[in-house]
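let me see the structure of the following:
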Amino acid sequence: MPAPSHNQAGHTLDQGAYLFQQDESVKSIFVIEQGMIELIPFHKNGNSVVFQCVESQTILAEASMYSKFYHCDAIAVSMLVLLILT
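Residues are numbered from 1 along each chain as shown. Got it, this is the predicted structure:
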């Protein structure tokens, strides 16, 4: 099977920045090469909870491969280096 044609290695994201937001159309999945990111779903009543903390050498948003929209926000806890798979 050929590799995806739009992979981007070494992409960076600053601490506090959003990688994606809840209900945004799914465009990619990610591999966290360095750093940490939190997945936080927001409920209709405005409440939120940290669903998952994703650290280095972990695939992020793999469940979104089967969805049209991301189910939560992904917010960088530290500066990230990631691989983007489209």
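
for the residue nearest to V26 when sequence neighbours are not counted, list the residues it contacts.
The shortest distance from V26 to any residue other than its chain neighbours is 4.5 Å, reached at S64 (Cβ to Cβ, 6 or more residues apart in numbering). To be clear about C-beta, it is placed using only N, CA and C from the backbone, and glycine gets the same treatment. Contact analysis of S64 by Cβ atoms under 8 Å, 6 or more residues apart in numbering lists V26, I29, Y70, H71.

make it 10 Å
Going by Cβ atoms under 10 Å, 6 or more residues apart in numbering, S64 touches F20, E24, S25, V26, K27, S28, I29, F30, Y70, H71, C72, A74.

for D73, same thing?
Counting by Cβ under 10 Å, 6+ apart, D73 has contacts 18-24, 37-42, 48, 51.

show me what it is bridged to.
Beta bridges link D73 to I40, judged by DSSP bridges.
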